[in-house]
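Asker: A structural model of the following input is requested.
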Amino acid sequence: MEEQAMLARDLVLRVCAGATELDPQWIRVDGKVTTPFLVPRDRNLIRAIVSAGRAMGVDRLLVCRTRPEFSYDPVTEVPLDTDTLIDLIRGWGPTPTDFLVCVEDFSAAVLVTADELTVAAGPADFVRELVGADIPQARVHFGNRARVEGGPVLTRAALLYNCADTGARHARSPRGPGPDLPERLARRGDRLRERSPRAVGALRALRGAWGWLAVVALLVAPLFVPSLDTALPALAAAFVLLFQLAWPARSRTVSFATLLRVAAVGALLLWPLALAEAAVVGLLGVDPYGVVGYTYVAVAVEEAGKLAPLLLLGLVARRRTRRLAAVDFLLLAAASGAGFQLAEHLLTGVSTGGGDRPGGGGFLLPGGSTVTDASGAVLAVFSGHAVTTGLVGAALGLAVVGRRYGAWLWLLPPVAFTAAFLEHLNLNAVLANAALHPVSGFVHGLLGGGVLTPWLLVVLLLCAVAMDYRTIGTAAESTPPLPGRPPLAGLRRRARGRSVAMRVRVPADIAPLFRRLALSWVDLPVTLATTLSTIVHEFAVSAIAARRGPGALCDTWRFLRRRRANAMAEARSAGRPWRSHPSQEELTRQARSLARRLGLAATGGVTAATASLAAAAVYAPGASGPVGAADREAPAYAFVALDRLQLWLGGLTGAETAWAALVLVAALSLLVSGNGVPHAHPRMREFLRAPTANTGAILGMLAPGQVGYALLGLAGLLLPRRVDRLLVR
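Answerer: Take a look at the predicted model:
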């Protein structure tokens, strides 16, 4: 028996709220991008719909009329052919009517009214084929038309699809959220760069000179105090570790300079955490060098205290916290742990005469340690404070950003904290000549025994990046597009076509849990393809910008990070008021300016020419290598490390104490300043003509932490011209 054809009323009830309106509840499912636009009902519109279907990777579309009198007409399946769809519409008669074109799994649709109003909803690739690359500008144009022309149809459509006062309702509404401390500081810095460029240039030069003096101090200090030779290796290990985590985290919205500042905060946390441990030990009346002090007190205080910077960020920068991506939580937590690890290694190294060498765990994710007995048997494995704290931060990020995927994600933070706690507890217990309880030992072994922790961190990092890019993709309504057309279109098309073909086969009457699992598995290739395409797109934009010089490259990096932050804020807001920084208008200006500089100014697609013209007015790091052997007598405990440091300082002369203080100031200086993407770059022609006069500009962009940016900028000038063909308009 032939399967009964779907009736028009069934399809309309799934997708539409009326003959000329899409259902808001259907739009919210999977974060569809929705854009109304005005376009004549001609062949260009039909050709646009067919191209949108091809972008979804399907070979046929569902078409029906939406008015009540046609409710019992069968839905027509049409191939992706312009003439076939036109013949179907002409067969309905000469009178224009409202009709709906939908994908088989109802993930994308186009509602064409009898007038010029048309509404497209679905993934960004689907909508771009209809309104052009710049979806936000198309929405702004429609909102402006609705305000100027008025009329109940356009006004209602603008309000229903949130096109009225696009951007202004967030950025300038008197009832909207106000700026927080980081935004005020950033705006003040921008004003200073605009109004006092000479003073800012002098400050940059002073910062660069101070940074190199700090490096010299770290190199010279061991000549006078030999035990200070651990300072520079410990600092370098912290830089390397954070870079290894930050580089593959392509969806991050925090800068590398911010991570190093958080690391400085984490290093300074050692002192208050040591005081807290001393207070708890005194309250319990136990020996601070005993088993209880080494294990339960030290581990509980330190594992909870290392997460303090995340809490502090939520208190002083609530608006910025709402723009954080899932991978940002991982990076901020890992930075705090890396700073604490840096301070602990440094204090232990200088107080024991360099006995605890930082970064002994190898090049990848340095800072871990292994405790062995006399026969070489492994007693405890600790992957390092940065890795364990980053694991907890990654779980928190996945739970916070991925709350739309279910409350079950909130099970991840307790599991991650348990793994980090038991790993740290096992190390300290072995150092205190004790052992875990059998139950704790079983759970610790079940969670990997410390060996799998770096692998778990890598897996969570990759999951966070994929989740971030999927979340960012749902904010295309307000996010300016990247210059050029997205690459790997064929890969995305095949992934979406496979997803549509498999989603229609998932039964609707099975248990909700099994249906969600099946749909998640079906959507996984789409998520991976979109993530890979976006990463490649950003790399291509950066490569093209690198050919234009260091200035264009640095401006591109800043724009990409700010664009991701605003997209994440829009996606996480779920319709609630949020604050854009920079504002939507400023971010749009930056996007257009960058596109012009790269020769990739956005143009309308092959479809909806009228609307488009109007709108225009992996990396996966490997797991940590074999961790280095640790001295059984070395303290892994903030209170003991600080206590031994005080004893060490008591045996120094006045000059040696001054050198120790200088090393501390130098290390903190290199962490908190001179690591950001440079804002100003001297012109090579001016430097060659007057090198002495441009020394300050060179120092301003070549602080120790900025040498990498300068090298990449200079290397970009050597790229061949064919790099410009990586993207097309």
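Asker: Quick one: the strands in the stretch 351-500 of the chain, in order.
Answerer: For the stretch 351-500 of the chain, the strands defined by DSSP state E, counting those that start in this stretch cover 369-372, 378-382.
Asker: Partner strands of the longest one, with direction?
Answerer: Within its sheet, and counting by DSSP bridges, strand 378-382 is paired with strand 369-372 (antiparallel).
Asker: Buried residues in the strand it pairs with, which are they?
Answerer: S369, T370, V371 (16 or more other C-beta atoms under 10 Å). C-betas here are computed from N, CA, C, even on glycine.
Asker: Next SSE downstream of the helix or strand of the chain with the lowest mean pLDDT?
Answerer: Each helix and strand of the chain was given a mean pLDDT (mean pLDDT, DSSP states H and E); the minimum falls on helix 609-616 at a mean of 40. Using DSSP states H and E, the helix or strand that follows helix 609-616 in sequence is helix 638-650.
Asker: Mind giving me the packing neighbours of that next one?
Answerer: Helix 638-650 sits against helix 270-284, helix 298-305, helix 326-351, with contacts defined as 3 or more C-beta pairs under 8 Å, 6 or more residues apart in numbering; DSSP states H and E.
Asker: ok, and what's touching it?
Answerer: If you take C-beta atoms under 8 Å, 6 or more residues apart in numbering as the criterion, helix 638-650 is touched by 227, 270-271, 273-274, 277-278, 281, 288-289, 293-294, 298, 301-302, 340, 344, 347-348, 350-352, 635, 657, 660.
Asker: quick check: angle from it to helix 298-305?
Answerer: 100 degrees (axes from the mean of the first three to the mean of the last three C-alpha atoms, to 10 degrees).
Asker: List the buried residues for helix 638-650?
Answerer: Residues A638, F639, V640, A641, L642, D643, R644, L645, W648 are the ones in helix 638-650 that count as buried (16+ other C-beta under 10 Å).
Asker: just stretch 279-286 next, same as before
Answerer: Applying 16+ other C-beta under 10 Å to stretch 279-286 flags V280, V281 as buried.
Asker: Kindly report the same for stretch 402-420.
Answerer: By neighbour count on 16+ other C-beta under 10 Å, the buried set for stretch 402-420 is G402, L409, L412, P413, A416, F417, A419, A420.
Asker: Is R576 located within a strand, as I assumed?
Answerer: No: counting by DSSP: H, G, I helix; E, B strand; the rest coil, R576 falls outside a strand, being coil.
Asker: Count the neighbours of it for me.
Answerer: Using other C-beta atoms under 10 Å, R576 has 8 other residues around it.
Asker: Now it. Its backbone dihedrals?
Answerer: Main-chain torsions, R576, degrees, to the nearest 10: phi -80, psi 160.
Asker: now V110
Answerer: For V110, the backbone dihedrals (degrees, to the nearest 10) come out as phi -130, psi 120.
Asker: Show me what it is bridged to.
Answerer: When assigned by DSSP bridges, V110 has beta-bridge partners V101, A120.
Asker: ok, it - how many residues close by?
Answerer: Neighbour count of V110, defined by other C-beta under 10 Å: 25.
Asker: Look up how far T76 lies from it.
Answerer: According to C-beta to C-beta, to the nearest Å, V110 and T76 sit 15 Å apart.
Asker: circling back: of the contacts of helix 638-650, buried ones?
Answerer: Buried by 16+ other C-beta under 10 Å: 227, 270, 273-274, 277-278, 281, 288, 293-294, 298, 301-302, 340, 344, 347-348, 350-352, 635, 660, out of the contacts of helix 638-650.
Asker: Buried residues of stretch 179-191, list them for me.
Answerer: Residues D180, P182, E183 are the ones in stretch 179-191 that count as buried (16+ other C-beta under 10 Å).
Asker: what does stretch 314-328 give?
Answerer: So for stretch 314-328, counting by 16+ other C-beta under 10 Å, buried means A317, R319, R320, T321, R322, R323, L324, A325, A326, V327, D328.
Asker: What of stretch 668-680?
Answerer: Neighbour counts using 16+ other C-beta under 10 Å place L668, S669, L670, L671, S673, G674, N675, G676, V677, P678, H679 of stretch 668-680 among the buried residues.
Asker: so can I have CSV of the residues you listed showing distance to G549, pLDDT and secondary structure?
Answerer: What follows is the buried residues of stretch 668-680, written out as CSV (distance: C-beta to C-beta, whole Å; pLDDT from 0 to 100; DSSP: H, G, I helix; E, B strand; the rest coil):
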residue, distance to G549, pLDDT, secondary structure
L668, 33, 92, helix
S669, 29, 92, helix
L670, 27, 92, helix
L671, 29, 93, helix
S673, 25, 89, coil
G674, 21, 86, coil
N675, 21, 90, coil
G676, 18, 89, coil
V677, 14, 90, coil
P678, 12, 88, coil
H679, 14, 85, coil
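Asker: Out of those, the closest to R139 would be?
Answerer: The shortest gap between R139 and any of those belongs to V677, at 30.6 Å (C-beta to C-beta).
Asker: give me every residue that touches the closest one.
Answerer: Neighbour list for V677: S255, A257, C554, W557, R558, Q706, Y709 [criterion: C-beta under 8 Å, 6+ apart].
Asker: Okay, and which of the buried residues of stretch 179-191 map to strands?
Answerer: Taking DSSP state E, every one of the buried residues of stretch 179-191 sits outside strands.
Asker: Format those as JSON lines; extra columns: pLDDT and distance to V439.
Answerer: As requested, those are exported to JSON lines (pLDDT from 0 to 100; distance: C-beta to C-beta, whole Å):
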{"residue": "D180", "pLDDT": "80", "distance to V439": "45"}
{"residue": "P182", "pLDDT": "82", "distance to V439": "44"}
{"residue": "E183", "pLDDT": "85", "distance to V439": "48"}
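Asker: Cross those against helices and list the overlap.
Answerer: Judged by DSSP state H, these include P182, E183 as members of helices.
Asker: wait, which of the buried residues of stretch 179-191 is closest to L203?
Answerer: Of all the buried residues of stretch 179-191, L203 sits closest to P182, with 19.4 Å by C-beta to C-beta.
Asker: about what we covered before: redo the helices and strands packed on helix 638-650 as JSON lines? Include distance to D59 and mean pLDDT.
Answerer: As requested, these are exported to JSON lines (distance: least, C-beta to C-beta, whole Å; pLDDT from 0 to 100):
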{"stretch": "helix 270-284", "distance to D59": "62", "mean pLDDT": "90"}
{"stretch": "helix 298-305", "distance to D59": "54", "mean pLDDT": "92"}
{"stretch": "helix 326-351", "distance to D59": "35", "mean pLDDT": "91"}
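Asker: I am finished for the moment; much appreciated.
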